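[1] Predicted model and sequence follow; I will ask about them next.
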Amino acid sequence: MTAVAVVRSIALVGLEPHPVRVECTRASGLPGLRLVGLPDTAVREAGDRVRTAIQRAGLTWPQDRLVVNLAPADLPKVGTGFDLPLAVGLLAATGQVPVGSLAGLFAVGELGLDGRARPATGSLPAAAGARAHGARRLLVPSAAASEAALIDGLEVVPVDDLAETVAVLRGERPARRAAPAGVAPAGTGPDLAEVRGQPVARRAVELAAAGGHHLLLSGPPGCGKTMLAHRMRGLLPPLAVDEALEVAAIHSLAGERAPDQPLDLEPPLREPHHTASAAALVGGGSGIPRPGELSLAHRGILLLDELLETPRWVLDALRQPLERGSVVITRARARVVYPARVLLVAATNPCPCGHLGDPLRACACRPDRVERYRSRLSGPLLDRLDLQVDLRPVDRRHLLGPPDGEGTATVAARVLAARQLAAERWGRPALVATTPTARIRPTVRPAALRALADGLERLGRSARAFDRCLRVARTAADLAGSELVTTEHVEEALAYRLPSLEPAR
Ligand SMILES: Nc1ncnc2c1ncn2[C@@H]1O[C@H](COP(=O)(O)OP(=O)(O)O)[C@@H](O)[C@H]1O
Ligand SMILES: [Mg+2]
């Protein structure tokens, strides 16, 4: 009986990394490979892939009984990332690589039948997890190396195939160095100056970016709703590196990120189509549930264009995660939590034909159709859209004339200053939209509080609207550089509550 060779690896349950020990040994008995430790189908198939890969690489597949234990046994181990540690462990157990080379070594990666190493999904969170669980060296397929090398304090060893892996572990060939993917240069998205007119909507966009408030843009087709929404991304401050890594980890897990892509400090903008399913929006799928658009938009913008074309039950599925800032998906084998702190930007026509309230064209919809259309936007979801704007078409003269509003750089500077003011006040960076109102109230003049209560009563709004309106007023004060929230700020916040979109009660 030989010694047990142990290679460490990482199993991802959602974004959460769990250390796995791949323990390999020779045993007496009939030749063959026995895998224990609750492997799913993909891991069982790994046995076949690894055997073929070892043989194709000109190495020896011994005529022995080989036993592999993936520990801990009670952890769901999904995916193809265990091929590489499995192959290395078997080679060590059969004396083809020195067992001493496995100390402090983690490995994550898939093997093709030809022995080539390919990245498994989630290389970035796996690398972060390896580091957190004490890895010194991480063996990864070359294609995943620059992504893994974004993690500080980890020696990433890229390998093209099993032959290179063996040569490196035997010390016959020096390990290559992985160059980290680097940081993407700041993007130059579309500029806010291209939007003509629409001063109220432009201001709402600025407030939303500064405070992180959800926004609803309603208006006839072609008035600039989508245009404005696309320009919001440029108003948000860039992400810190650790925030950008968190975002990239979600995208890596969802297979939405090329591994050699540089780290993007720009907040994400996700724009799911209105036919997207609830699972595509919120997350789901068989096995370990995958992150949905809501999590892919984490720390950025989720744009729901044509909001009222989206089925109501899909919208309802968004409500709780929006409130909580995370998505919880429970399955028989795993409970997965994905972060989902997004700025929701919703755009909609006011009615099926789009021209309700349009001074230029009469609306062609029957009243009962309008009502059914609007009832899709349930009261509770509407309440969560802190800034609601009714846009009108822009006059042709404005469209043809020179730019009549500020550009992205000017507004983004004000947004940043407002966020800094809020961060100084509360001693840490925090979005006003997620700050408890108990912390905001002491900064509000008593007369302003009364004005808010009176105003909401006039609009027939719920208590939830009170807190949300108060936060918008706080952001208006921050943008004005004012420590105190005054009646003027409250009046502005109240103006962004549309009575017209409220479904009939
Ligand atoms: N306020 C505006 N300023 C400048 N161009 C506009 C404006 N509104 C609409 N447009 C023009 O009309 C096109 C359609 O606008 P879009 O934002 O898609 O409208 P909506 O989403 O409201 O239907 C834009 O690409 C742009 O060329
Ligand atoms: Mg549009």
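    Perfect, thanks for sending it. Residues are numbered from 1 along each chain as shown. Ligands and ions are numbered 1, 2, ... in the order given.

[2] Can you tell me who A27 pairs with across the strands?
    Under DSSP bridges, the beta-bridge partners of A27 are R65.

[3] OK, contacts around it?
    For A27, the contacting residues are M1, D64, R65, L66, V67, by Cβ atoms under 8 Å, 6 or more residues apart in numbering. Backbone N, C-alpha and C define where each C-beta goes, glycine included.

[4] quick one: the residue of the chain found nearest ligand 2 and R439, what's the gap?
    The nearest approach of the chain to ligand 2 comes at T226, 3.4 Å away (Cβ to the ion). Per Cβ to Cβ, to the nearest Å, T226 is found 35 Å from R439.

[5] Name the residue in these two with the higher neighbour count.
    More neighbours surround T226 than the other of T226 and R439, with 17 against 13 (other Cβ atoms under 10 Å).

[6] hmm, the strand or helix carrying that one in reach of ligand 1?
    Applying DSSP states H and E as the criterion places T226 in helix 225-230. Yes - Helix 225-230 is in contact with ligand 1 by Cβ under 6 Å from any ligand atom, via K225, T226, M227.

[7] and the first one, what is it in contact with?
    When you say that, I think you mean K225. Contacts of K225 (Cβ under 8 Å, 6+ apart): A201, L217, S218, G219, D305, A347, T348, L391.

[8] tell me the pLDDT at it?
    On pLDDT, K225 comes in at 95.

[9] Now for the closest residue to D478 other than its chain neighbours, how many residues are close by?
    Excluding the flanking residues, the one nearest D478 by Cβ to Cβ, 6 or more residues apart in numbering is A418, at 4.0 Å. Close neighbours of A418, defined as other Cβ under 10 Å, add up to 24.

[10] what's the helix or strand for A418?
    helix 408-426.

[11] Give the buried residues for that helix.
    T408, V411, A412, R414, V415, L416, A418, R419, L421, A422, R425 (16 or more other Cβ atoms under 10 Å).

[12] ok, and what's touching it?
    For helix 408-426, using Cβ under 8 Å, 6+ apart, the contacting residues are 189, 191-193, 202, 205-206, 209-211, 231, 234-237, 429-432, 435, 439, 443, 474-475, 478-479, 481, 483.

[13] what about L105, distance to R21?
    Counting by Cβ to Cβ, the gap from L105 to R21 is 12 Å.

[14] Mutual contacts of these two, please.
    V7, R8.

[15] more crowded one of the two?
    L105 (22 against 16).

[16] pretty sure the more buried one contacts V7?
    Yes - with contact defined as Cβ atoms under 8 Å, L105 counts as touching V7 (6.4 Å).

[17] shared neighbours of these two, which are they?
    In contact with both L105 and V7: V88, using Cβ under 8 Å, 6+ apart.

[18] Pull the contacting residues for G47.
    L33, L35, V68, L86.

[19] got the phi/psi numbers for it?
    The phi and psi values for G47, taken as degrees, to the nearest 10, are phi -50, psi -50.

[20] Packing partners of the helix or strand hosting L12?
    When elements are assigned from DSSP H and E, L12 belongs to strand 5-13. Secondary-structure packing of strand 5-13 (3 or more Cβ pairs under 8 Å, 6 or more residues apart in numbering; DSSP states H and E): strand 16-27, helix 83-93, strand 105-107, helix 123-132.

[21] Save these as TSV, and put in mean pLDDT and distance to G153 too.
    What follows is those, written out as TSV (pLDDT from 0 to 100; distance: least, Cβ to Cβ, whole Å):
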stretch	mean pLDDT	distance to G153
strand 16-27	94	15
helix 83-93	95	21
strand 105-107	96	13
helix 123-132	94	6
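
[22] Would you tell me which of those gets closest to P321?
    strand 16-27 (17.5 Å; Cβ to Cβ).

[23] quick one: contacts of the next helix or strand after that closest one?
    Counting by DSSP H and E, the element after strand 16-27 in chain order, helix or strand, is strand 32-36. For strand 32-36, the surrounding residues in contact (Cβ under 8 Å, 6+ apart) are V43, R44, A46, G47, R51, R65, L66, V67, V68, N69, L70, A73.

[24] which of these tops the neighbour count?
    A46 (29 neighbours).

[25] Quick check: that residue is in a helix.
    Yes - according to DSSP: H, G, I helix; E, B strand; the rest coil, A46 belongs to a helix.

[26] near ligand 1, which residues of this protein?
    So the chain meets ligand 1 at 195-198, 219, 221-227, 347, 394, 399 (Cβ under 6 Å from any ligand atom).

[27] Now a ChimeraX select for only the buried ones of those.
    Entered in ChimeraX, the line below selects the buried ones among the residues of the chain next to ligand 1, by 16+ other Cβ under 10 Å:
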select :195,196,197,198,219,223,224,225,226,227,347,394
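
[28] Could you tell me which of the residues of the chain next to ligand 1 belong to strands?
    A347 (DSSP state E).

[29] tell me the two of the residues of the chain next to ligand 1 that are most distant?
    A347 and L399, at 18.9 Å, using Cβ to Cβ across the residues of the chain next to ligand 1.

[30] and the spatially most central residue of the chain, how far is that from A278?
    By Cα atoms, centre = their mean, the chain has its centre lying nearest to L296, at 2.8 Å. Separation of L296 from A278 (Cβ to Cβ) stands at 15 Å.

[31] on that earlier part again, continuing past the helix holding T226, what's the next helix or strand?
    Past helix 225-230, the next helix or strand by DSSP H and E is helix 241-253.

[32] Tell me what angle that following helix forms with strand 16-27.
    60 degrees (axes from the mean of the first three to the mean of the last three Cα atoms, to 10 degrees).

[33] Give me the residues contacting helix 241-253.
    With Cβ under 8 Å, 6+ apart, helix 241-253 has contacts from 12, 14-15, 121-125, 128, 147, 150-151, 183, 239, 257, 259, 263-265, 267-268, 290-291, 295-296, 298-300, 338-339.

[34] In it, which residues are buried?
    A244, L245, E246, V247, A248, A249, I250, H251, S252, L253.

[35] What are the buried residues along the worst-scoring helix or strand of the chain on mean pLDDT?
    Among the helices and strands of the chain, helix 379-384 carries the lowest confidence by mean pLDDT, DSSP states H and E, at a mean of 77. By neighbour count on 16+ other Cβ under 10 Å, the buried set for helix 379-384 is L381, L382, D383, R384.

[36] Find the closest residue to ligand 1 in this structure.
    Nearest to ligand 1 in the chain, going by Cβ to the nearest ligand atom, is G224, at a distance of 2.9 Å.

[37] That residue touches Q198, doesn't it?
    Yes - look at G224 against Q198 with Cβ under 8 Å: they come within range, at 5.6 Å.

[38] Quick check: neighbours shared by the two?
    L391, V394.

[39] Shouldn't V328 be within a strand?
    Yes - using three-state DSSP, the assignment for V328 is a strand.

[40] show me what contacts it?
    By Cβ under 8 Å, 6+ apart, the neighbours of V328 are P321, R335, V336, V337.

[41] who does the second one bridge with?
    When you say that, I think you mean R335. T330.

[42] Just the pLDDT for it.
    For R335, pLDDT reads 84.
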